[in-house]
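Chemist: Just a sequence and a predicted model for now, questions to come.
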Amino acid sequence: MGNPLNKSSMMECPTHGLRKPSFVCSHLQCGEGLGFHQPSEPHDPELPFQHAWCDEYDSILIEEGEWNDRSEGFAKIMVICEGCLDVIRKRNIRVNEKNAT
């Protein structure tokens, strides 16, 4: 993905093929049972990509009150495809989170 993102952007995933990009904190990439948080709405309608973060990052985000250098530095955001995001969600969502939806 060398070009700037726009709402039509796609990426090639070796597992899921051509998919929309998503963004996750690096902890979720290999984690299990870390909690799974997503915003209720996209931050920017022109960049409607899914993004998610773990419980620990959520605590820092609440503490900081916004995305900033400290919170983003802790998150170490990674780009993955939407298919990988589904796999990561299933692996990290906690039982009480499943019951809440």
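Modeler: Looks like it arrived, so ask away. Numbering: from 1, shown residues only.

Chemist: where does the protein have low pLDDT?
Modeler: For the chain, applying pLDDT under 70 flags the ranges 1-2, 42-43, 96-101.

Chemist: let's go with 90 and repeat that
Modeler: Low-confidence segments of the chain (pLDDT under 90): 1-7, 39-49, 61, 65-75, 94-101.

Chemist: Quick one: the helices in it, in order.
Modeler: Assigned by DSSP state H, the helices in the chain fall at 26-30, 55-64, 69-75, 82-92, 95-100.

Chemist: Report all helices and strands that the longest one contacts.
Modeler: Helix 82-92 is packed against strand 17-19, strand 21-24, helix 26-30, strand 51-52, with contacts defined by 3 or more Cβ pairs under 8 Å, 6 or more residues apart in numbering; DSSP states H and E. Every residue, glycine included, has its C-beta placed from N, CA and C.

Chemist: thinking again about what came up before, want to try CSV for the helices of the chain, with distance to Pro48 as columns?
Modeler: Converted to CSV, these look like this (distance: least, Cβ to Cβ, whole Å):
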stretch, distance to Pro48
helix 26-30, 20
helix 55-64, 20
helix 69-75, 20
helix 82-92, 11
helix 95-100, 23
